[in-house]
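Trainee: give the three-dimensional model of this entry:
(2 chains)
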Amino acid sequence: MTLLAQLAPIESPSIDWFAIAPPLALFTAALFIVLVRSIYRHNPLIRPLALLMAITGVICAGAFTFVQWLLIDADGPFSSTGPYEAIEGMVAVDGFSVFVMTVVLIATLLAILLASGYLGRERLEAPEFYVLMLCSATGMMLMASANDLIIVFLALEILSIALYVLAAFDRRRATSQEAGLKYFLLGSFSSAVFLYGVALVYGATGSTNLTKISQYLATTTILDSGVLVLGIMLLLVGLGFKVGAAPFHMWTPDVYEGAPTPVTAFMAGATKAAAFGAILRVFFGAFDLYRTDWRPAVWALAVLSLLVGSIAALVQTDVKRMLAYSSISHAGYILIGVQAANDAGASAALFYLFVYALMVFGSFAVVTVVARGGDENHTLADFRGLSVRQPMLAGLLTLFLLAQAGVPLTGGFVAKLSVFDAALDAGQYPLALLGMLTAAIAAFVYLRIILAMFAPEDGADIVRGKTRVDFGTGVALTLAAAGVLFLGLVPGRVLDFAKEATCRSDEIVAGVVAPDDNDCDVEPESGSPAPEASPDPG
Amino acid sequence: MTDFPTLTALIVLPALGALAILFVPRGRPEIARALGYAASVATLGMTGYLLHDFDTHIAAPQLGETHVWMESLGVSWTTGIDGISLFMVALTALLIPIGMLASADIDNAKSFTMWLLVLESALIGVFVSLDLVMFFVFFEVVLVPMYFLIAGWGHDNRRYAATKFFLFTMAGSAFLFVGILTLGYLYERANGTLTFDVQTLTNWAELDGSLSSSTARLLFIAFAIAFAVKIPLVPLHTWLPDAHTDAPTAGSVVLAGVLLKMGAYGFLRFAIPMFPDAAVDLAPVFLVLAIVGITYGAIVGAMQPNLKRIVAYSSVAHLGFVVLGTFAFTIEGLQGGVFTMVSHGLTTGALFLLVGMLYERRHTYEISAYRGVWKVMPIFGGLFVAAAFASIGLPGFSGFVGEFLALIGTFISSRWYAVAATTGVILAAVYLLWAVQRTMTGEPDEENDLPEINLRELCTVVPLLGLSLFLGLYPAPVLDRVEPSVEAVLLRTCVADDPATPDDDEAVVVQIRDECPEDAPIPVAAEEPES
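Mentor: Residues are numbered from 1 along each chain as shown, chains lettered A, B, ... in the order given. Here you go, the predicted structure:
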């Protein structure tokens, strides 16, 4: 009795609901769908209603994110003194989180649209599918603003567990079951590795809060940094698994191939964005001072991913597997930006994620349509002569594939440009060259698909018959294609967005670390030296 | 008209045509074709205007404009044209409608016309870009329409040829891309601003002390690899015969006529002016490769049983002369190089058109299938022989002027290279005349009872041969406009060449100094093009 009285009441942190409004909106939408589903079990209207609610949830989340951005952009309460840290520093709201959330929301919206037709076609339980997708997206959103390793882990689990189920969602198809199980086993293993890393980092620094870790490391010299470095490496392994970077990529081809195609599109676009968001925040924010320790590791991951992704794709005959391997090589490109370990690298990685989400989504969306009933037809042979039977689809897939190959006037080119910019800025000439050469190898893979569509071998069997493109898929494809072209032709806005997003997060999350080599203040710097530079050559 | 962005319009106009064709229903190819002619002829007309507007006496790029494109990456939309690019643009604008006219019977005319227009837009973009990244954008985009033209309308081995073409160029471009970005970053590090503006970078890069000589050399090599693939210089040329042989006629015409020139143009516009020291140092390598190309192209060409492959290898040889003239670093050599670029576009274009006509009649390129064609098709035979002579470089045709200048220029600066290259002139006569003899002469058999060339086909070939003849007799219009620009290129190599340290290849260095006026002014971007 007295003992209890002596104990101070456990203080629960005040919760700033606005800071976590975007993920909450998604989660609320998910709960509503579950609720409505359980009340109106057999009402045929449940499908469109669930779709509507899912889309509403995404739009609400988008609106909250937008308001957050307005506040950040106006130098309001969110950024004047550093990152706005809510709930005892557990989450940080800054340009960085807003950017990643935007990418996740776009990918989620597109995936929901794509799934709406797919679920009807495959006769799968629509409401549950949306619920899982929204839950997973909730985790991703949380991950984007996580400012504490525990929150990163929680977000990782929220997003993963929903994804495990989604991967196995088509329960009539053995490959889908296999994908789910494989993803689950390897995923939980990697979560364990990540958690172990968290424990070691906690042991070394005494905190799991990224800001506190960064401050601690800045003020304390750790003489024997073995534990810390091991912890950092384990974190890298855990997150590297989620982004599908070689050598932690083994699950990618099988899971991407087996999962229902809309899930694959979602997994590729959104998960990668969230996981890279976490990588950037953890490594740039908390462990910026130890960059000399983690850069070589990231460098190795990048090189391996580039090589494995492009070379292993050469021998595939299944288009989904080809795209899975190409997503590994894309992870390599983004890692090039990460390992540059400068602001340019971070913003390049963000921009790449944005473009990547659109182009990989678009590619998988076309594959979804071509796969037809049963979601089984995605070998190269199924794409033969697609240009004759459905020229629009063939044209769109060509656009997305060329964008992935980095052909100019598509977003893919600008993304590669910005990533290599950052790498060269950090003096990584060989890495940039390797990246370009593997891009040429990867281009061969994309060309194989394009050739199959436009110029099939003479005398080969050509699949006949059209597949209907339903409304949702059509909208999603149009949006993705427009985005890819827009980002290729006039990328200025989004580039600036990415730049601002990383600048603010750097000065903020890094806390005490003075960003030395950063050129954040784009406007004044690029404006002023120009006049004095130009007369020089004369 | 001063404010009108002519060059941007030249890029946009064909692109708009292509976009319009996209919305033409599939069943109405005639509309697509009409749109194609309209867009390409309008572009040609505008090019005519450009030729008229062009100020002959200015070496610096003119008629251009600058806009911000991707600010945070330092990329701008900068256009401009000088004596070298002017004729490349004109050649593009001329060859595209001719290619369209030559492909009047092609399947799926809608897509074909669309890709041709996209190709035109991209090619013009390449030649008018004065921002390195913008140049690279178009340099890469060119691949896409060409790839589809070969893969979609090519002959038997088209899938292989198209893929090989794409990958070779893309792998080459990898080096160029890294080179461009590196240069931009080195500039940023030195001057604080990130820019890819060609004139700014050129003026900076060639200054002593901007780049260490090893950096400059590495960058030059990076640029050179991409351009050498395009030209193509000999060890990197293997994509060319395949691409040419399997491309549809219009594709081959544009490929030989314009695409290959992108490489030579890249040397003249970027690699040499930016890294003149390195270019002079490495000139012997390129001279040797050029001579190997000239003789190897001729010898391998002579062995080919396939008529189109002979013409393809003749391109390797001709482009060898371009490289030879360029790396001789004399006014005559550079002028000859540029002139050969123009002339090769005309004569080889004509040859590909004529070979394509034979293919349409017999569906084979095998030389052994043809005999006595001249007897059954007298007009065709005459044109074929004329085109062959024009390509060989018979005096009176443009080929002669270009090769002669290139050889003279080489002789001035590096005598023995010129002597070696001259053998190529003789070999060219061997393989083309031999091909003419085997196909055109003799007694025709029943299979060779071919219909005579028709009016449409005549309209495609005659302008090219006529222009070749005109420029052969009166080359001044081209040479006058090219001269200030190549002089500017040459001056950079002179300034770069420090007289205090005569080193390396004495023949080249000494001779260049003879050519250079004592205190040559650096050709700075004289006037900023009005925006």
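
Trainee: the helices in the stretch 51-200 of chain A, which residues?
Mentor: Ranges of helices in the stretch 51-200 of chain A, per DSSP state H, counting those that start in this stretch, are A:95-122, A:126-145, A:149-167, A:174-205.

Trainee: same question, the stretch 101-250 of chain B
Mentor: B:109-128, B:132-141, B:143-153, B:158-191, B:198-205, B:213-230, B:239-246, B:249-254.

Trainee: now mean pLDDT and mean neighbour count too, for these, in a markdown table please.
Mentor: Any C-beta I mention is one placed from the backbone N, CA and C, and that applies to glycine too. A markdown table is the format used below for those (pLDDT from 0 to 100; neighbours: other CB atoms under 10 Å in any protein chain shown):
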| stretch | mean pLDDT | mean neighbour count |
| --- | --- | --- |
| helix B:109-128 | 92 | 27 |
| helix B:132-141 | 92 | 25 |
| helix B:143-153 | 90 | 24 |
| helix B:158-191 | 89 | 23 |
| helix B:198-205 | 86 | 23 |
| helix B:213-230 | 90 | 21 |
| helix B:239-246 | 88 | 24 |
| helix B:249-254 | 91 | 28 |
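
Trainee: which parts of the stretch 1-150 of chain B are strands?
Mentor: Per DSSP state E, counting those that start in this stretch, the stretch 1-150 of chain B has strands spanning B:66-70, B:75-78. These are given in chain order.

Trainee: check chain A too.
Mentor: A:84-86, A:91-93 (DSSP state E).

Trainee: any idea which of the strands of the stretch 1-150 of chain B has the lowest pLDDT on average?
Mentor: Note on the strands of the stretch 1-150 of chain B: strand B:66-70 shows the lowest mean pLDDT, a mean of 84.

Trainee: buried ones in that strand, by neighbour count?
Mentor: B:66, B:69-70 (16 or more other CB atoms under 10 Å in any protein chain shown).

Trainee: quick check, nearest of those to chain A?
Mentor: B:Met70 (5.6 Å; CB to the nearest CB).

Trainee: surely the closest one and A:Phe413 touch.
Mentor: No: checked against CB atoms under 8 Å, the pair B:Met70 and A:Phe413 is beyond contact range at 10.6 Å.

Trainee: pull the number of nearby residues for the closest residue to A:Leu166 other than its chain neighbours.
Mentor: What sits nearest to A:Leu166 in space, not counting adjacent residues and going by CB to CB, 6 or more residues apart in numbering or on different chains, is A:Val263, at 4.6 Å. Other residues within reach of A:Val263, judged by other CB atoms under 10 Å in any protein chain shown, total 32.

Trainee: and A:Val263, what does it touch?
Mentor: Applying CB atoms under 8 Å, 6 or more residues apart in numbering or on different chains to A:Val263 gives the contacts A:111, A:115, A:163, A:166-167, A:169.

Trainee: of the residues you listed, which is the nearest to chain B?
Mentor: Comparing these against chain B with CB to the nearest CB places A:Ala111 closest, at 28.1 Å.

Trainee: closest one of the contacts of A:Val263 to B:Gly263?
Mentor: A:Ala111 (44.0 Å; CB to CB).

Trainee: that closest one: neighbouring residues, count only.
Mentor: For A:Ala111, the neighbour count with other CB under 10 Å is 31.

Trainee: please name the residues that touch the residue nearest to B:Phe389 when sequence neighbours are not counted.
Mentor: In space, and not counting its chain neighbours, B:Phe389 is closest to B:Phe397: 6.4 Å by CB to CB, 6+ apart. By CB under 8 Å, 6+ apart, B:Phe397 lies in contact with B:343, B:347, B:389-390, B:468-469, B:472.

Trainee: can you give me the neighbour number for residue 212?
Mentor: Just so you know, I chose chain A. 17.

Trainee: that's the wrong chain, I meant chain B
Mentor: 10.

Trainee: that older thread, could you dump the helices of the stretch 101-250 of chain B into JSON lines with distance to chain A added?
Mentor: Shown next, in JSON lines, are those (distance: least, CB to the nearest CB, whole Å):
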{"stretch": "helix B:109-128", "distance to chain A": "8"}
{"stretch": "helix B:132-141", "distance to chain A": "4"}
{"stretch": "helix B:143-153", "distance to chain A": "4"}
{"stretch": "helix B:158-191", "distance to chain A": "3"}
{"stretch": "helix B:198-205", "distance to chain A": "3"}
{"stretch": "helix B:213-230", "distance to chain A": "8"}
{"stretch": "helix B:239-246", "distance to chain A": "11"}
{"stretch": "helix B:249-254", "distance to chain A": "13"}
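
Trainee: distance of A:Gly197 from chain B?
Mentor: 34 Å (CB to the nearest CB, to the nearest Å).
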